[in-house]
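S.K.: Sequence first, predicted coordinates after that:
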Amino acid sequence: MISNNASQESLTERELELAMREAELNRREATLRRAEEARAEEEGSPTRASSALHAEPETRNGAVTRRERELEQMLEAVDAQRGRLEAVRLEYESRREALAERMREVEAERDRLRDEQARLVTASLELEERERAAAAQEAANEAAPAERPPDAEWWSKQLGRPLEAA
């Protein structure tokens, strides 16, 4: 839109410049025509002045026609450029939308992987905790003296302690 305004402004500036040039040329032509008419009147040849007056509108019509063609070509060029700009803008927007969709997909996958990683870390910590608890239980079982069945002690009292040194 900015480039559209810029091209419109440059087109307007160009038209203004051309209009100013045309006005300057018209002023010069009028000065020349008046000088030619004055010279023709001094010489006494009114036909020469009238032929110059008739030639001027034809020249002017040719210049106006040429200017119209130039302006039409410029307008066609601006329209073509506007069309290309619109096509580029549409392509840009479609690519931007595709990238935004891909970004959402990647973020969803990243979130899924983070959740999976958190689940694995939690499972690993639970497994380590179980292993530590099992190792602590084994250590506690090894440190505690082996208990004798209650009958063994009664029998040993009855029979004496045969394992004692004499």
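M.R.: The structure has been received and is ready for your questions. Residues are numbered from 1 along each chain as shown.

S.K.: Could you use CA atoms for every contact and neighbour count after this?
M.R.: Will do.

S.K.: ok, now which ones touch the spatially most central residue of the chain?
M.R.: Closest residue to the average C-alpha location of the chain: Arg96 at 5.7 Å, with CA atoms, centre = their mean. For Arg96, no residue meets the contact criterion (CA atoms under 8 Å, 6 or more residues apart in numbering).

S.K.: Which strand or helix spans it?
M.R.: helix 46-143 (DSSP states H and E).

S.K.: roughly how far is that helix from the heart of the chain?
M.R.: 4 Å (CA atoms, centre = their mean, to the nearest Å).

S.K.: Quick one: mean pLDDT for that helix?
M.R.: In this model, helix 46-143 has an average pLDDT of 89.

S.K.: So that it lines up with my notes, have the first residue be 13 from now on.
M.R.: Happy to do that; since the first residue is 13 now, the last one works out to helix 58-155.

S.K.: Could you report the distance from Arg45 to Leu125?
M.R.: 88 Å (CA to CA, to the nearest Å).

S.K.: What of Ala148?
M.R.: 34 Å.

S.K.: do the same with Ala99
M.R.: Ala99 is 39 Å from Leu125, by CA to CA.

S.K.: Check Arg33 and give its pLDDT.
M.R.: The model's pLDDT for Arg33 equals 87.

S.K.: Pull the number of nearby residues for it.
M.R.: 12 (other CA atoms under 10 Å).

S.K.: what about Arg101, distance to Glu88?
M.R.: Counting by CA to CA, the gap from Arg101 to Glu88 is 20 Å.

S.K.: ok so, going back, Arg45 and Leu125: which has the busier surroundings?
M.R.: Per other CA under 10 Å, whichever of Arg45 and Leu125 has more neighbours is Arg45, with 16 against 12.

S.K.: quick one: which helix or strand includes the more buried one?
M.R.: helix 14-55.

S.K.: Check which helices and strands that helix is in contact with.
M.R.: Packing partners of helix 14-55 (3 or more CA pairs under 8 Å, 6 or more residues apart in numbering; DSSP states H and E): helix 58-155.
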